[in-house]
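Student: Below are the sequence and a predicted model; questions follow.
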Amino acid sequence: MYGSGLGGFGGPMGGYGMGMGPYGEQDPNNPFGAPPSPPGFWMSFLRVMQGVVNCFGRISILIDQNTQAFHMFMTALLQLFDRGGLLYGELARFVLRLLGIKTKPQKPNQPGPPGLPGPHNPRGNQNFIEGPKAAPSGAWDNVWGKN
């Protein structure tokens, strides 16, 4: 059974090892079978195209990730500068209070439309538009020289 010449392990004509397997002559595990036929042109072309698409896909993912990382870095840096300015103002106000120097209290933003913060307006509710100013007398008389 195990050493018979016709079928290898398992019996005559149908065991393991030699003989025809369930795949016929193109059994990939059969060392004595014919080599598999090479893939056709179309299959080779599709494999090359798959490699190209994968390459560009990976490059685009790297570019996207680097762009997001740069955006997050710049956002964090700007927030750090903003918070640093607020911290500087609070520390300066604290030190000036310790030294006994009075500072102006901070005005909260005056509300604009219901629920929305208003624009920066240092003069309170006085919104004036300046009119044109008169030119000094004779300012444009001698621009081109004397005629």
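Tutor: Looks like it arrived, so ask away. Numbers count the residues shown, from 1 in each chain.
Student: where along the chain do the strands fall?
Tutor: Counting by DSSP state E, the chain has no strands to list.
Student: Where do the helices of it begin and end?
Tutor: 41-98 (DSSP state H).
Student: where does it dip in pLDDT?
Tutor: 1-28, 36, 105-147 (pLDDT under 70).
Student: what about residue 90, neighbour count?
Tutor: Neighbour count for residue 90, taken as other C-beta atoms under 10 Å: 10. For the C-beta atoms, the positions are set from N, CA and C on the backbone; glycine is no exception.
Student: I meant residue 56, not that one.
Tutor: When neighbours are defined as other C-beta under 10 Å, residue 56 has 10 of them.
Student: can you tell me how far it sits from residue 86?
Tutor: Separation of residue 56 from residue 86 (C-beta to C-beta, to the nearest Å): 45 Å.
Student: What of residue 41?
Tutor: Residue 41 sits at a distance of 67 Å from residue 86 (criterion: C-beta to C-beta).
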